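In: Take this sequence and fold it.
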Amino acid sequence: MNSYSGIGASSLPRRALAGALLAGPASAQGRVRILATTAMLADAVSALALPAAQVESLMGEGTDPHLYRPTRADTARLLAADLVVLNGLRLEGRMDEVLQRLARSGRRVLAMAESLPRAELRFAPEFPDAADPHIWMDPLLWAQAAASLVPALAPLLPGAPLAGRLAEYQARMRRLHDYAATALAPLPAGRRVLVTAHDAFGYFGRRHGIEVESIQGLSTESEASLQRIEQLVALIVARRVPAVFAEASVPDRAMRALIEGAAARGHRVVLGGLLYSDSLGRPGTYAGTLEGMLDHNITTIARALGGEAPPGGLHGRLAA
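Out: As a prediction, the model looks like this:
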């Protein structure tokens, strides 16, 4: 597990370094500059830090954080930020060297997911030291991790009502959880199976008692094997799974292979929709917020598998 810290905390255990920060002045340019690696993180930071801070996401729409390699321009942006917020837990795998170097240099760095207790994280039996980084898929877990932003932002934004803003953000996440629980409750036991491109929905499945099966592992760097596709086709046919789901940041070729394989065995399974996994939707849209992205996913999954969810989602804001 990777951990990140600010300078001056080297005597602490590496696990404790995840939330350690170097106290110091904010940007001399006026507004505090905060750079998050992903749009999901930027969403949480913005809820607490706007309008006093300038909050940006390093990765844009449809970007796969598992595969993202920082450019020289990215490195310059990281160095210029007053605070860098990353997910951690190896989500930004190809950025690891840059981020570790940034932390060792004494920059303010927070790995938000690594603030969670180990007991809250998912681990694959074959990889006991590699935690699932996709914590935003469980709104309650995400809300818990967002609490680590308060001590990180407090020195940069003195006087900002961070605790109150955190409470409001966490309440929004709780509403999403409650909506998902209600929408998915009618799913019969045989249909409580979610088949996706890669293993990004494990926390979602754990929270709602849904079995999650994926073609790829926790990282999209893993390859989709023919054997795995055949295993999933057999499961889909045996369990009479009605729908499988593609992901916005992952090519859907393998999902099409599942559909064709099931059809060859006499079972019709459809593409239930496109889910957002490792990135949000288009900036400026409802799906471009974490709330909108999760609302879209919950509604799409529930309606395709036999749950009860209105077409417009929790707030009636989803496109028809």
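In: Quick check: M112 vs P133, distance?
Out: 10 Å (Cβ to Cβ, to the nearest Å). For glycine as for every other residue, the C-beta is placed from the backbone atoms N, C-alpha and C.
In: Identify the contacts common to these two.
Out: N87, G88 (Cβ atoms under 8 Å, 6 or more residues apart in numbering).
In: A146 against Y169, yeah?
Out: Yes: between A146 and Y169 there is a contact under Cβ atoms under 8 Å: 6.1 Å.
In: Report the set of residues contacting both of those two.
Out: Common contact partners of A146 and Y169 (Cβ under 8 Å, 6+ apart): A44, A47, L48.
In: tell me which of these is nearest to E56?
Out: A44 (13.5 Å; Cβ to Cβ).
In: The lowest-mean-pLDDT helix or strand in the chain: which residues count as buried?
Out: Sorting the helices and strands of the chain by mean pLDDT, DSSP states H and E puts strand 127-131 at the bottom, at a mean of 83. Residues of strand 127-131 classed as buried by neighbour count (16 or more other Cβ atoms under 10 Å): A130, A131.
In: and the nearest residue to M40 once chain neighbours are set aside, how many neighbours does it have?
Out: Once flanking residues are discounted, M40 sits nearest to W136: 4.7 Å by Cβ to Cβ, 6 or more residues apart in numbering. When neighbours are counted by other Cβ atoms under 10 Å, W136 registers 30.
In: so W136 makes contact with L290?
Out: Yes: look at W136 against L290 with Cβ under 8 Å: they come within range, at 6.4 Å.
In: Does L91 fall in a helix, a strand, or a coil region?
Out: coil (DSSP: H, G, I helix; E, B strand; the rest coil).
In: swap in A180?
Out: Quick answer, by three-state DSSP: A180 is helix.
In: how about the residue nearest to M40, what does it touch?
Out: M40, W142, L290, L294.
In: do that again at 10 Å, thanks
Out: Counting by Cβ atoms under 10 Å, 6 or more residues apart in numbering, W136 touches 38, 40-41, 43-44, 87, 91, 112-113, 142, 145-146, 173, 200, 203-204, 276-278, 280, 290, 293-294.
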